[in-house]
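K.L.:
Kindly generate the corresponding structure for this input.
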Amino acid sequence: MLDRIRALADDGFDETVRLRRQIHRRPELAYEEHETAALVAATLREIGIEPTTGVAQTGVVAHVEGGRPGPTVALRADIDALPIQEATGLDFASEVDGRMHACGHDAHTASLLGAARVLHAVRADLAGAVRLIFQPSEEKIPGGAVAMIEAGVLDATGDHPAPAQIFGQHVFPSLPAGMLGVRPGPFMASADEVYITIRGRGGHAAAPHELVDPVLVQAHVLTALQSVVSRNRPPGVPSLLSFGRVEADGATNVVPDAVRLVGTFRSMGEAWRFEAHEHVRRIAAHTAEAFGATAETEILVGYPALVNDDAAAAAVRAAAVDYVGEACVEDLPMWYASEDFASYTQRVPGAFYVLGVGNEAAGITHGLHTPRMTVDEEALRLGPGFMAYLAWRALESGGA
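P.N.:
Numbering: from 1, shown residues only. Below is the predicted model:
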């Protein structure tokens, strides 16, 4: 089966590249992915798979029906783009001003469509069914995964039992094309947005004794907040609190009434995550109070920490060794980016792994969420075939 799947993936390589480029040209933001969803649905129908459209607004779900009885295994791809102006200079660069597939979702979608084509060709030998999930709005909190779950993508439907396992693939520019990577257990961090507004009493900078200077107060608040991680975090729970923006609308001789801090809190531990929120609120409020100011904290709760099921991650690694060889499989460190695939793995055993798409010789080294990010398209020969092989193996093992 391995050789057969590889050959089918090679046969479909040109079509996978074509689809990726078509999606790349027409990027759409969260819940605006109407053109992308229509292309996904049309492609599935051409393959011979009838999709369900309009799931959680713009999502698409379909099944590859196996010829033998067995469990259901799910594969997921995200379909939305980012509000970034592309600067790659590619012939198929974004045709939409201020919109770009800078996180590789074009490659994710094309890969899952390619896997669907392979799986449909070998459907008689599948011991169960493969649920194909094309998810909108991965890039925008609270994430499309929650909406898809609420729409029933992890439920039993018709003749299909609920998915026993779920797998997702993400491009990884820092890993060369031809490689795969996975990590069991905690893999990606939760990500919460932190907004703190410090209010004082502004006025002329030449009369500081008459003011409650929020610029000075924010400096003390910012410093004090470093103790959230350094002195309150339980040992063994990786976390970070960073602030990337300070907004103070003053001047050389004007102290403003308020200052705003904007940052992110990330953690690999869910219980500690929400405890940390309370530390942030308390420390900010009490530090500001000591100077006669106030601090209002708003925390926008984002995606949870992504924890790969140990058995599912082991299955990914074993399949990867089969498909590309031990030398081309990377055991990954923790990654402090966040992903709403975490919502799936909170409910179903699953694993999120990475597909190398870098090529230093070709200058394909730019990171995710940057204007020059792209992929070595040779990776699209590996991505679809490996997804299909992983799903086949998972069904053969009974979804365990």
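K.L.:
Tell me which residue lies nearest the centroid of the chain.
P.N.:
Closest residue to the average C-alpha location of the chain: residue 339 at 3.0 Å, with Cα atoms, centre = their mean.
K.L.:
how close does the closest residue to residue 366 other than its chain neighbours get to residue 340?
P.N.:
Distances taken as Cβ to Cβ, 6 or more residues apart in numbering put residue 372 closest to residue 366, at 4.2 Å, once the chain neighbours are dropped. Backbone N, C-alpha and C define where each C-beta goes, glycine included. For residue 372, the distance to residue 340 equals 25 Å [Cβ to Cβ, to the nearest Å].
K.L.:
Between these two, point out the one with more neighbours.
P.N.:
Comparing residue 372 with residue 340 by other Cβ atoms under 10 Å, the one with more neighbours is residue 340, at 27 against 17.
K.L.:
For the stretch 201-350 of the chain, which segments count as helices?
P.N.:
214-224, 227-232, 270-290, 310-324, 342-345 (DSSP state H, counting those that start in this stretch).
K.L.:
Just say which of the ones you listed is most tucked in.
P.N.:
helix 342-345 (a mean of 25; mean count of other Cβ atoms under 10 Å).
K.L.:
next SSE after that helix?
P.N.:
Scanning forward in sequence from helix 342-345 by DSSP states H and E, the next helix or strand is strand 350-358.
K.L.:
Distance from the chain centre to the helix or strand that contains residue 118, please.
P.N.:
Applying DSSP H and E as the criterion places residue 118 in helix 105-121. Distance, stretch centre to chain centre, for helix 105-121: 18 Å (Cα atoms, centre = their mean, to the nearest Å).
K.L.:
now stretch 69-82
P.N.:
The answer for stretch 69-82 is 13 Å, by Cα atoms, centre = their mean.
K.L.:
again, but for stretch 27-38
P.N.:
17 Å.
K.L.:
before we move on, what about stretch 356-375?
P.N.:
Per Cα atoms, centre = their mean, the centroid offset for stretch 356-375 relative to its chain is 17 Å.
K.L.:
And the contacts of it?
P.N.:
Defining contact as Cβ atoms under 8 Å, 6 or more residues apart in numbering, one finds that stretch 356-375 is touched by 82, 84-88, 90, 100, 102-104, 107, 171-181, 330, 337, 376, 378-379.
K.L.:
Check which residues of it are buried.
P.N.:
The neighbour-count check on stretch 356-375 (16 or more other Cβ atoms under 10 Å) flags 356, 357, 358, 359, 364, 366, 370, 372, 373, 374, 375 as buried.
K.L.:
go on, stretch 134-150?
P.N.:
Of the residues in stretch 134-150, 134-141, 143-149 count as buried by neighbour count, 16+ other Cβ under 10 Å.
K.L.:
Now do the end-to-end distance for stretch 194-214.
P.N.:
This stretch, stretch 194-214, spans 18 Å end to end (Cα to Cα, to the nearest Å).
K.L.:
what's the answer for stretch 297-309, then?
P.N.:
One end of stretch 297-309 sits 34 Å from the other (Cα to Cα).
K.L.:
same thing with stretch 259-276?
P.N.:
End-to-end distance for stretch 259-276, by Cα to Cα: 22 Å.
K.L.:
going forward, begin numbering at 51 instead of 1
P.N.:
OK, 51 is where the count begins now, so the last one is stretch 309-326.
K.L.:
average pLDDT for it?
P.N.:
Averaged over stretch 309-326, pLDDT sits at 97.
K.L.:
can you check stretch 88-106 too?
P.N.:
Mean per-residue pLDDT for stretch 88-106: 98.
K.L.:
And the contacts of it?
P.N.:
The contact list for stretch 88-106, computed with Cβ under 8 Å, 6+ apart, reads 69, 72-73, 87, 110-114, 129, 159, 163, 166-167, 170, 182, 184-186, 194, 197-198, 200-201, 203.
K.L.:
now that stretch, how far from the centre of its chain.
P.N.:
For stretch 88-106, the distance to the chain centre is 23 Å (Cα atoms, centre = their mean).
K.L.:
what do you get for stretch 178-185?
P.N.:
For stretch 178-185, the distance to the chain centre is 18 Å (Cα atoms, centre = their mean).
K.L.:
Dump the C-alpha coordinates for that stretch into CSV.
P.N.:
Extracted as CSV, the C-alpha positions of stretch 178-185 are listed here (Å, rounded to 0.1, in the frame of the first residue of the first chain):
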residue,chain,number,x,y,z
GLY,A,178,-13.5,2.4,7.7
ALA,A,179,-14.0,6.0,6.5
VAL,A,180,-11.9,9.1,6.4
ARG,A,181,-13.6,12.4,7.4
LEU,A,182,-12.2,15.4,5.5
ILE,A,183,-12.6,18.7,7.4
PHE,A,184,-11.9,21.9,5.6
GLN,A,185,-12.1,24.5,8.4
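K.L.:
List only buried entries from the contacts of stretch 406-425.
P.N.:
132, 134, 136, 138, 150, 152-154, 157, 221-223, 225-231, 380, 426, 428-429.
K.L.:
just to revisit the earlier point, make a PyMOL selection of the buried ones in the contacts of stretch 88-106.
P.N.:
Applying 16+ other Cβ under 10 Å to the contacts of stretch 88-106, the buried members can be selected in PyMOL as follows:
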select buried, resi 69+72+73+87+110+111+112+113+114+129+159+163+166+167+170+182+184+185+186+194+197+198+201+203
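K.L.:
Narrow the contacts of stretch 88-106 to those in helices?
P.N.:
69, 72-73, 87, 159, 163, 166-167, 170, 194, 197-198, 200 (DSSP state H).
K.L.:
per-residue pLDDT, residue 193?
P.N.:
Per-residue pLDDT puts residue 193 at 95.
K.L.:
hang on, the earlier thing: reformat the helices of the stretch 251-400 of the chain as CSV; add distance to residue 83.
P.N.:
Output for the helices of the stretch 251-400 of the chain, formatted as CSV (distance: least, Cβ to Cβ, whole Å):
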stretch, distance to residue 83
helix 264-274, 38
helix 277-282, 37
helix 320-340, 29
helix 360-374, 27
helix 392-395, 18
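K.L.:
between those, which one is nearest to residue 306?
P.N.:
Ranking the helices of the stretch 251-400 of the chain by proximity to residue 306 (Cβ to Cβ) places helix 264-274 first, at 6.5 Å.
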